[in-house]
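Participant: dropping a prediction and its sequence here:
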Amino acid sequence: MFRTKELLKEEYTKLEDEIDVHPLQSFAWGELKKPNWEPVRLGVFEDDDPVSIFTILTRKIPFYGKRFGYVPRGIVVSEGKYLTGVINQLSGTSRQLGLTHLMIDPDKEFGSGLKDHGSGMIERVYREAGFEPSGPQ
């Protein structure tokens, strides 16, 4: 059973090294993006064990009044078997945050959970969770 919780600075920075996040998912990067973006730092846990941490950068859409989220170079998981569950948690969390759109920019070569070595597993998991690739394919 997975649970998601917002992490404090100390919790997030401690887990950064354990889970091997991309530099654009670091606590420091979220701070650098302020004040134009509001970072929301989350951890996904199985029981009490962390399986993923990520930052959602949120921003108000001008003239629309709604918020959207962006996850740069995420999602990284401690083991590939957690990817589907973490993406599902992220989808639910984005709704709880009131985000109308969520863009994820996965870095397939960084982090243990995203190295699919051409198997297509990552793309399949994202598509099954309702995400679609953008840009040229």
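Facilitator: Sure thing, it's come through. Numbering: from 1, shown residues only.

Participant: which element, helix or strand, includes the closest residue in space to Gly130 that isn't next to it in sequence?
Facilitator: Nearest residue to Gly130, sequence neighbours excluded (C-beta to C-beta, 6 or more residues apart in numbering): Ser91, at 6.8 Å. To be clear about C-beta, it is placed using only N, CA and C from the backbone, and glycine gets the same treatment. Element membership for Ser91, per DSSP states H and E: helix 83-96.

Participant: what's in contact with that helix?
Facilitator: 2-4, 42, 44, 46, 51-52, 54, 56, 69, 71, 75, 77, 102, 104, 113-114, 121-122, 125-126, 128-131 (C-beta atoms under 8 Å, 6 or more residues apart in numbering).

Participant: rewinding a little: burial of the residue nearest to Gly130, as a residue count?
Facilitator: Residues contacting Ser91 under the criterion other C-beta atoms under 10 Å number 14.

Participant: kindly report the same for the one 5 residues further on.
Facilitator: Number of residues near Gln96 (other C-beta under 10 Å) recorded here: 8.

Participant: again with Arg95
Facilitator: Using other C-beta under 10 Å, Arg95 is surrounded by 10 other residues.

Participant: pretty sure Phe54 sits in a strand.
Facilitator: Yes - remark: Phe54 belongs to a strand, assigned using DSSP: H, G, I helix; E, B strand; the rest coil.

Participant: show me the beta-bridge partners of it.
Facilitator: Beta bridges link Phe54 to Leu42 when assigned by DSSP bridges.

Participant: Leu24: what's it in contact with?
Facilitator: Under the criterion of C-beta under 8 Å, 6+ apart, the neighbours of Leu24 are Pro72, Arg73.

Participant: assign it to helix, strand or coil.
Facilitator: helix.

Participant: how far away is it from Leu42?
Facilitator: 15 Å (C-beta to C-beta, to the nearest Å).

Participant: kindly report the same for Gly85.
Facilitator: 14 Å.

Participant: for the two, indicate the residue with more neighbours.
Facilitator: The neighbour comparison of Gly85 against Leu42 (other C-beta under 10 Å) goes to Leu42, with 20 against 17.
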